[in-house]
Structure formats: structure tokens, C-alpha cells
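> predicted model and sequence follow; I will ask about them next.
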Amino acid sequence: MLTENTVDAGGHVDPRRRYDSLVPDAKSGDVTGLLRAWTGGDLAARDELMAVVYRELHQRAAARLRRERPGHMLQPTALVNEAYMRLIDQKRTAWQNRAHFLAVASEMMRRVLVDHARRKKMAKRSGQWTKLELYDGVAQSQPRDVDVLDLDRAMQRLSEFDPRQARIAELRFFGGLSLEETGLVVGASVATVERDWQAARAWLFSQLKGKGSARDDA
Amino acid sequence: MTPERWRQVTAIFHAARTREPEARRAVLDQMCAQDASLRGEVEALLAAHAEAGRSGQTAVSIDLLPQLSPGTTFGGYRVDALIGAGGMGQVYRATDTRLRRTVALKVLTPGLADDADFGARLDREARVLASLNHTNIAAIHGLEEASGIKGLVLEFVEGPTLADVLSGAGHPALGVGKALEYAKQIALALEAAHEKGIIHRDLKPANIKITPAGLVKVLDFGIAKVGSIVGRTGLRSANAADQSSVRPTYEATHTGMILGTPAYMSPEQARGLAIDKRTDIWAFGCVVYEMLTGRGAFAADTASDSLAKIIEREPDWSALPPSVPAPIRRLIARCLQKDPTDRLRDIADARFEITEVLAAPAHSGAVAAPPSSVTQRTRALIGLAGAFIVAIMIWAVWRTLTSSSGPAPPGPLVELGITFPNNFIPAFGVSVSPNGRHVAAGVFLNSGQIWLHSFDDAQTRPLAGTEGGSGPFWSPDGSTIAFFLGTRLMTIGVNGGPATTVAEAGRSLYGGTWSRDGVIVYPVHNKLFRISASGGAPVELPLTGIAGLPLFPSFLPDGRHFVFFALRHGSSVMQLASLDSAQVTTLVACDTAGTFAPPDRLLFVRNTSLMSQRIDLGRLALTGEPDIVASGVSQGTAGQNIGVALSASSNGVLAFSASRGGSSGQLTWFTRDGKPDGVIDPPPGDAEYLNPALSPDGAAVAANVIAPLSGTWDVWLVDSARRSSRLTTGADSEYDPVWSPDGKEIVYAATRGDRLGFYKQSVTGGAPEFLLDLSDERVAIPTDWSRDGRYIFYQKRGLRWSTWALPLFGDRKPILVIDDQFNPYGAHLSPDGRWLAYDATEVDQFEVFVRRFPDGTPKKQVSHGGGVHPRWTRDGKELVYWKPGRGILAHDFSVTATDIVVGSARTLLDRPVLSLIDARTHYDITRDGQRLLVRQPFGPPRPGVRVLLNWTSKVAK
């Protein structure tokens, strides 16, 4: 039921008001500054940035896990992107900086998840959520259950003999970086990144194969 | 692993991974030479690689916390383990500590308990379901609520589901004897339920359990219905193998079948029509067929193929083993009649038939025996031959259709419907996913939200996190839905997850389009903007010659050009523009929205028909003649123009918002204590009453009716003897009636051509008297007439709404009453003429306020947690309003020398009020506060979105 009137600004429609009451999220300028300082060569800024990002992701993940409906998935990559949207003033930031931010955020995201999983394990509570699903964002293939800590350990082992591939896996799994962005971060061509990614992923999957799922022991 | 070794492994891996199996073996033979362990490592890698798929984007997601931890208690139950998760919530094995028995605890999602209306309905449903006491039905023991979480307590059934049994390795089909034994028990379960008027609605192998003793238990009776009630609050119907395992599900384990194919849905269900117990009979037929053949009767690779089969085709009868007796074949065929009127009427008949066959000597054992008599065998063979010929013919038709076309395989044209709560029609964007598997819709019920319909499981559900959103459209890969929320452009994954802000984009309601290069084009008011899908700042497109308000743009395949609907009263057109130039070309005149349909068609609506015409993508102009794809898609174009939102995927799925047509709401009387007290019959023709207004004595009703053919609005009267008559006779639209204090006259707004104004007319008829010219205004609506007869209150909108009073004395110059920034709306003056009640967005949502008239202060907020449409009752001692999603509430109201005193709320009506997007008021109350007139849902559910599968079969090649 579209009328010229409703079209214009929701005139006849009750929800008109909803639109008037929304205030955009506040953005922090500090983090943008840190990001710029770091990409400009200030390594102390990187540490500070990591602390801010870790806090942000940790809070957001915790809030999500409390609030969201079960059966739904928490997507760390979405969380990372959200953090970017919230923390960084995009008008002042080049896209290359976005990749660098996401790179930091992927690392922090992995750490948030691993920390949380460890705490859960120690508390001997169900720890259900620490099961990750590796899913394929495009095709609708069957997701697979893996344990965060298993994945973390496998990635650590990979980093011992191929640090770049491990880094690529981290960026892709936890930060959702595109091949281009990943290439920018690790300093490699897209073709190289893609080859490394295929190998890293296959190796990680082969290591995770046969690992039990929490649902079995639930 | 050493770095050197790893380099060696990966080198071989890369050399081998893209090869065909033969060539791959050769590579491995050559490169691994005699090193068996090297070869083993490479092969493990290749296997993992094959399993991981060749996808580009892979990321992790996380299951969220279970609501209950094992070992804790929930009401009188001790939680033992999480055993499953479905759309409706999670399922736990638990122990009833009082009765010391194991139960299944289905815990509903939090947030539900906040919705009092839902809670009450769930209680009612649970009580009905609990009355089902039958050996073959998994019982519902009760409903438990603890710490804000609601849970259904269900019988815990040991053993696999029928789906598990049928997906087992080796022999998926059951023997005839066993299949019939199970079928009999399923029929008994359905029979018991149908006797109590309960329909299962979601019978399928995954909902049937076989206990170790061979007893059949049907799960989740009627829960699908509970689920559909839940739909509004964000849950899906419970189904799936909730009690057995989370995954793999039965469907997923069959190669080539997608998850949750709606293979057991009846044709009427698939079409979105009303269903009754015959829907269960259909599903029963599907299950029996599957037990006997080991395959689904209407299984297909994609959901839309499956739906097409359900609606158009016969199952493959030749798949039934020859040993299946003829009466059973006939029985299945009768269960699987497409038209419910031709279908087996009573499940008891099926049970008789099966019992008889089982009693026959050949089938007394659990093992199937071949047909024993020559006659039987001959008959079976003839039946088999017949079915085989039919199958070949269907196959031939299918081949012909698919081979003669381009990328879209035009199977038979099939129409489906998607139904929303309250028969809602989404007009703020309907968008089919690029793969044709989902439809996203912008739905405004009590507030905006993006809803997603998936053809895979035929579920329609709101996406959490999109509250307030509208204008959905898809990313080119179909993984993401973009939408607008306030001034933000946001995205959400098709599988849910959090909604993410992409950018500040400006206020937009009417969709956008997303190119393969990641460019998004969308309208804001009368301009089009572009923005990168990864964020950044929006850029206005420097277009010249946009012919109206640009809505619903859609990219052409080149990702540079796009078409959009330019809305202008009486002369709307489809236009074409590009990212690269200022030029705008008009393609065709049309009446309501249009879109681009891949690969090369323009879809638009003209004269209530949905038309399609080819675009020459080289010349960027229309060619050939338009074809009519569907008729009656909009309700005329005059007056209050009823629009259509539409969208098409490249594989022949077309979805568009249905025109309203027909009554979906009925004015119903309620007493002050909430009891129904009669209805007002709908107006003649396929129409309904909107914007009801009660006369001062509460005996008569003035309301709007939209003429079914012309789409114009009229004011109708229903008098105390329930006689209805049309008051206004103009060719244009008259709307929003308001009674004079003496009940002898009605004032209403009217559009006559370009002119907008208020008119006054006697209820006994006669010529309308022109009151106020408002032609310069976009919208103006009368809301109240003061009881001393001196003022008519109205609202109009410029940038925002403002409230005005028209004095009916002196110079009759309108007085501005409220013009804050909060959209004051629906003003009503108290009987003493001193207080104005209205609703506004001063806080997060719309709330009811009062302020003194005419000076505006003092002021007080009356409602909390939402409130609209205030009315004064009981001589101004009471203020009544509608709380969306809750019902109708009342507060005592009084004024002291220093303060406005608002008493606590009491509920007058504890049920939802049917809102309609273009109606202003949805209820009224008599001045003594004793009777309410409320729009209530009426009639069978009507699809809000119509879907055509294989629509290209309707157009000229």
C-alpha cells in the first residue's frame, strides 16, 4: 500500500515515528587516531589499539552471548566488522587502514574466544558455545562443529612450520578479511594468499577431523 | 612437520588439487615416487580440501549458550542434557523430580515471556494439546515457566526417528509389512488428534519416533500451530528432529537434497491457503510412500522444484515395490490428491484399509511377501506399467521445457503465497534472493521489521535485530540482506546473526540495489545515492530528469545501469539511469512499482496487470511487446494508490506484494471486560471497514471502505440497526470520518483531483459542504471535533506532523496547536475542552501525552512502553489508548491545582488489534467507556506476497 504520501516520508504510516527517534551510534575518534598512528609507524599505538579492540570485542561477544537467542549463530567476523564501524571514523580512514584494523581485530577476536573457552572449561560448565562452526558463507554447505581450543591449537602448530599460512587462516576465519585485504596485511599477492589459504584450510580441517563435538558428551 | 616437508607437501597438493581423479593419481604417482608417508599426507590434505569445498569465504560462527545448564533445575525439573535445538528453542532431556520420570523439555526463546499475549495463547494451546492422550502420540505434560523462560514439558521418547531409520545405510525402504504396521500406528495417532480437532501440520519422518519396542510415537502435535502464533514474536515453528539430534538431519544426508526441503507440505499449504486435517492426510500419504520406496514422494534438488512437484506432478508410482498390495497403492494415491476435496476425507478410512491388508495372510508377518495370487500380480503389473508411462511423459515434458530455454529452467508455472501475521501485506520492499530460495520483505506490523521467507522450509519469520527496518535487498551472492533502519544502511546474514551498520546513508524506506562490484544505489526522498557496500560516505548521483519519487532501483547485469520506479501521482514511469552519466531515460509508463528481472526483462504493473517486456541490453531500450504475467495484482490506481513491491531472481522466481482485495479484518464489538459482543458485517463486495469512528451516542459507526475495483476511498455509515450505506458519492477519495458532537454531521478529508480539503456532510445525505482548502499540504487528516462544536482538530505533515485546530467561528483561521519535533498525532480534546490527548515520539517510541489546550502546558506522558490513538471516556475521567502488541488500556485521569494525575493502567482488551498500514485508527470506544469496536483478524489467512515459480514460462520467447 504505497501512496505518494506514505512514500515521501512515511506520512500515513505509524512507523514514521520510529525513524525520527533513532540516533546514530556515537563514534570514537581516539581509535581512529591510534590506527593512523600505528599505520604511520608508531608501534606503541598498536598495543594500545589492541587493548581497546580486545575490550570492545570482549564486551560485545559477552553481551551477544547473553542476549541472543540460542540456535542462532554468533558470527565473530560480523562482530569484528561492527567493532570497526563503531570505533573508527570512516571518513578519516583509508581502506588500507581498515584491513589493518581488521587484522588486529581478528587476532583479538581469536583471543577473546579462546579466553572465554578456557574459562568455561575451568568452570566445568557446559561450555557449549565454545564449539565453533566452520561455515562457508557463500555455498550452503554443511557446517562442521569444532572446538575453539582445538582450532587454536591446530593454528598454533601450523604457525610453527608456516607462520604466514597460520596468519592467513586467522585473518580469514576470525576477521572475515577478503583475499585482497589479507594480501595487504601479509604482504603477498592475491594469488599467493589464495594458494596459502587453500593449503592452510585443508591442513587445519585434516587436523580437526574426528574431534568429538560437545553435543556428544552433552 | 618441518617447514621443508610442508613446502613439499603443499607443492604436490597444489599440483594435484585442480586435477581430475585420473590425472591426480598420475601426479601423485610421479611426485610422491616411493614416499608412502608423503603421499599419505598429501592425500589427507586433498580429502580435507574436497570436504571443505571450493568456497572462497570461510569463517567461523559460534553456537550460543544453552539456556539451561545440565544439573540445574527448571521449575520442578532437573536438566540432564541438551539433546537438540530447533527454531523454537532448545530441547533438553530432563527429570521430573516429583514424578521421577524422564521428560523432554522444550525451552522457548527468551523474550517470549515479555509478550503477555503470546503467553496466554501458548497456555491455551498447551492445554488443548495436553488433552491428547494416545499411545502413538508423544504427550505434552504441561507448560512450565521459571525465571522468565517458558518451557513445554513433553514425553521423552527413546529411539530413532523414522527419518533416521529411513536414512540408514543399505536398505532405506522398509518392508511392506513393517511399513504398514508403522503406517497403521501413525494413522491411529492422527485419528485421535483429528477427533479433537487438532491438526499436526508438520507430519514428516523426522517427527515420528520408533521406540525400541517398535511402538510409533508422533511428536510435536500441533506445535507447528503454536509456532505460527509465535511467528510474530520471532520464533519459528518447532519441527525437525528435535528430540533426536541436532544434525545431521535426514534431508541433509540424502545426496542432492537440500536441508529442509518442504517435501511433506500439502499443495494448499504450499500455496499459503487455509489448511485443515486433510493436510495431515496428504503428509501421511507422503510418509507411507517414503516408507515403502525409501525416497520422498516429492523430493527434489531444490525447494522450488519440490514445491513445483507438490503442486503439479504425481509421485513416481513405479517406485513402489511390486509387492505393495493394490489397496495400499490406491490408498496412497487417494491421500496424495492435489485437490483437498478429492482427497481421502478421514484418516480412519486409511486405518481400516491398512488393518485389512495386514490381516490378509500374505501380510501377517513382519516381512513383505510377494503378491500371492496371479490376479493380484497382474493388476500390480498393469498399474506399474501405467504409472511408468505417465512418468515417462512427465519426464519428456520436463526435458522439452528445460532444453528450450536459457538459464531459467521453466518448469510449470506455479503460484505460491507467503502469509504474514494479521494477513499483512508488505509494501515496503519485497526482494527475492538471487538464488531464488528466500524472499525478504519489509513488514510494518506494529513497527517495521525485515521478515524472511525461506522456500526450503516454507517458514516466514522476522529477523531479530532488524526491528524498525524496511526496504530489504540482497547482496549479489545471496548471503546478506541489506536494509534501511532510520538513516542507517545495515546488513544482516541470511542465516541470522547480528545486524551490522554499513554506513550512515540517509533516510530511506524503499529498497536499493547491490551490484557485483559492491556498489549500492538507493533512493532518499527524490534523489538517488550510491555508496560502497563496504561502507564510506554516500554520494548523490548527479541525475537529471527523474520523473517522480525514485523507488526500488535495480541494477542491470552490467552493474552500471539500473532501472527504478519513478512515482508521481497519475503519471508514474519506469526509468533507466547509470552510474556513469547524468542521463535518465524513461522506459515505460506504469501504475505501480516495477523492477528488472534477470536476464533481460522489465517487470512493471499497468492497469492492475503485472507485465513483462524485454530490454535490449545493448541498446538499453524496451523491445517487442509486453506480456501479461499476472492479472489483478493491484487494486486500481485512483485516489489512494495501492502499490505493489516486486522482485525476481535469475532462476524464474518472482515475488510481489499482493493487492489487498477482500476483507481481512472485521469490526468486532467488545464489552468493557473484554468479552466479544457481536460483529459488524463487512460491506458488500470484497471489502472491509477501516478507520472506524463511533457516533457520540455510540450507536452508529462511520468508517472507510476502499472500493474493490477503483481503489477509491469512501465514507460509509452503519446505523444502530446495522444497516450500512455509503455516505460519500464522489468519484475521488473521501477518508477519515469524524462525527459532529450532535451526531448529525460527518467531517472528512477528500482528494478531488489535485485538491485536498475537508468537507462536512449530513449523515442523512445531501451535498457536502466545503470547509477548508488544504491543497498545499501533502497530507491532512481530521481527528476530532470538540464537544462544544467550536473546533475541528486535524493534523498535517510538512517535514513532520503538526496538530492544528480549525475554529468554526470568527475568521475560521486555523490555529497551530502543537508543532514540536515529535510528530503529534491523533489529537482528541477532553469533554471539558481543556486537555488535548495525542501520541508522539518524544521518547524512543510513540507514547500518549496530554497537554493543556490551547496553551500547551502543562504536559504529561500518560503511557509507558508504547501507546497510540488516545480516546476520552467517562466524562474525561478516563483516558483510553491502544498499546501496540498488547491491547487496549485505560487510565484514570484527573487534574489537581498543581498536577495532572494519571492512575495506573487497566486492561480493557487483552488481545491484538489488527492494524493496517494505511488506516489511521483501528478501534473506537463509546463515550461511556462501556463498549469497544475493534478491528479483528477475519477469514482465512491471505498471502501477503504472491510468488510465481517459473514465471518466464508465461512470456513470449
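In hand now; what should we look at?

> how long is stretch B:190-206 end to end?
Distance across stretch B:190-206, first residue to last, is 16 Å (CA to CA, to the nearest Å).

> may I see the buried residues of that stretch?
For stretch B:190-206, the neighbour count (16 or more other CB atoms under 10 Å in any protein chain shown) marks B:190-194, B:198-206 as buried. In this view, the C-beta of every residue, glycine as well, is placed from N, C-alpha and C.

> and for stretch B:130-145?
B:132, B:134, B:136-145.

> greatest separation within the residues you listed: which pair is it?
Considering CB to CB, no two members of the buried residues of stretch B:130-145 lie farther apart than B:Asn136 and B:Glu145, which are separated by 28.7 Å.

> ok so, going back, lowest-confidence one in the buried residues of stretch B:130-145?
Confidence by pLDDT is poorest for B:Glu145 among the buried residues of stretch B:130-145, given 76.

> that one should be in a strand, yeah?
Yes. Going by DSSP: H, G, I helix; E, B strand; the rest coil, the assignment for B:Glu145 places it inside a strand.

> all helices for chain B, in order.
Secondary structure of chain B, counting by DSSP state H: helices at B:3-17, B:21-32, B:36-52, B:116-130, B:162-166, B:176-195, B:223-230, B:250-253, B:267-270, B:277-293, B:303-312, B:326-335, B:347-359, B:374-403.

> looking at these, which has the lowest confidence?
helix B:250-253 (a mean of 24).

> if I look at B:Leu579, how far off is B:Ile531?
When distances are taken as CB to CB, to the nearest Å, B:Leu579 and B:Ile531 turn out to be 12 Å apart.

> ditto for B:Glu290
For B:Glu290, the distance to B:Ile531 (CB to CB) stands at 49 Å.

> quote the end-to-end distance of stretch B:819-834.
End-to-end distance for stretch B:819-834: 18 Å, by CA to CA.

> in that stretch, what counts as buried?
By neighbour count, with 16+ other CB under 10 Å as the criterion, the buried positions of stretch B:819-834 are B:820, B:822-831.

> which one among these gets closest to B:Ser554?
B:Asn823 (31.6 Å).

> for the closest one, which non-adjacent residue is closest in space?
Using CB to CB, 6 or more residues apart in numbering or on different chains and skipping the chain neighbours, the partner closest in space to B:Asn823 is B:Trp801 (4.2 Å).

> what's the burial count for that neighbour?
Other residues near B:Trp801 come to 27 when the count uses other CB atoms under 10 Å in any protein chain shown.

> equivalent analysis for B:Glu22, please.
B:Glu22 sits with 8 neighbouring residues when counted by other CB under 10 Å.

> same check, this time on B:Trp872
For B:Trp872, the count of nearby residues is 24 (other CB under 10 Å).

> what of B:Leu105?
Residues within reach of B:Leu105, counting by other CB under 10 Å, total 28.

> cool, B:Gly214 as well?
B:Gly214 sits with 12 neighbouring residues when counted by other CB under 10 Å.

> let me see the contact set for it.
B:Glu181 (CB atoms under 8 Å, 6 or more residues apart in numbering or on different chains).

> can you check B:Leu358 too?
Taking CB under 8 Å, 6+ apart as the test, what B:Leu358 contacts is B:177, B:180-181, B:184, B:364.

> just the buried ones from the residues you listed, in PyMOL syntax?
A single PyMOL command selects the buried members of these (16+ other CB under 10 Å):
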select buried, chain B and resi 177+180+181+184
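
> go through the contacts of B:Leu358 and say which is closest to chain A.
The shortest gap between chain A and any of the contacts of B:Leu358 belongs to B:Glu181, at 31.9 Å (CB to the nearest CB).

> please report how far that closest one lies from B:Leu654.
The span separating B:Glu181 from B:Leu654 equals 45 Å under the rule CB to CB.

> picking that back up, farthest-separated two in the contacts of B:Leu358?
B:Lys184 and B:Ser364 (13.4 Å).

> hang on, the earlier thing: compare B:Glu290 and B:Ile531 and say which is more crowded by neighbours.
B:Glu290 (27 against 22).

> which residues sit against stretch B:647-654?
B:304, B:407-410, B:430-436, B:439, B:455, B:554, B:595-599, B:601, B:603, B:629, B:646, B:655-656, B:947-953.

> then that stretch to PDB, C-alphas only?
Output for stretch B:647-654, consisting of C-alpha atoms alone and laid out as PDB, is shown next (Å, rounded to 0.1, in the frame of the first residue of the first chain):
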ATOM      1  CA  SER B 647      11.300  -8.700  -7.300                       C
ATOM      2  CA  ALA B 648      12.600 -11.500  -9.500                       C
ATOM      3  CA  SER B 649      15.500 -13.900  -9.300                       C
ATOM      4  CA  SER B 650      17.500 -15.100 -12.300                       C
ATOM      5  CA  ASN B 651      16.100 -18.600 -11.900                       C
ATOM      6  CA  GLY B 652      12.500 -17.800 -12.500                       C
ATOM      7  CA  VAL B 653      11.200 -16.900  -9.000                       C
ATOM      8  CA  LEU B 654       9.000 -13.800  -9.000                       C
END
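
> alright, that wraps it up for me.
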